[in-house]
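Student: Structure for the following, please:
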Amino acid sequence: MQPIPTHRPRPAVLTIAEVMDVLRIGRTKAYEQARLYLDTNGEDGLPCIKVGDSIRFLRHAIEDLIGEPITTTLADHDDTDPPVTATPTRTNRRHPATDINPQLFTA
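Tutor: So this is what the prediction gives:
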């Protein structure tokens, strides 16, 4: 019987949430710095790559940036973008069953 590994392999690429944890910065700052890196062709900002519509960070580039290996355990994060939902239909708050935009004509 094979022993069950107690640790996960270190990923070569990191998500925005993982980089936020490692660098202790917020989501807005992380995206701002990633965009700066992409816009300046790597002259400034946080080293990253585009994978389709996603931004990913190479582990070795982040480790080079901070000057040491990433030793913290990376938490599991939901890496999906928030779902795009349709705009909810607005209703009258005083009378929830009454639509704010009533139909003027009936067929």
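Student: all helices of the protein, in order?
Tutor: Counting by DSSP state H, the chain has helices at residues 16-23, 27-39, 59-66.
Student: Return the most buried member of those.
Tutor: Stretch with highest mean neighbour count among the helices of the chain: helix 16-23 (a mean of 19; mean count of other CB atoms under 10 Å). Glycine gets a C-beta too; all of them are placed from N, C-alpha and C.
Student: got the angle between it and helix 27-39?
Tutor: Relative orientation of helix 16-23 versus helix 27-39 (axes from the mean of the first three to the mean of the last three CA atoms, to 10 degrees): 100 degrees.
Student: ok and helix 16-23 relative to helix 59-66, angle-wise?
Tutor: 30 degrees.
Student: packing partners for helix 16-23?
Tutor: helix 27-39, strand 54-58, helix 59-66 (3 or more CB pairs under 8 Å, 6 or more residues apart in numbering; DSSP states H and E).
Student: would TSV of those with mean pLDDT be doable?
Tutor: Output for the helices and strands packed on helix 16-23, formatted as TSV (pLDDT from 0 to 100):
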stretch	mean pLDDT
helix 27-39	97
strand 54-58	96
helix 59-66	96
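Student: how near is Leu23 to Gly45?
Tutor: Using CB to CB, to the nearest Å, one obtains 12 Å as the distance from Leu23 to Gly45.
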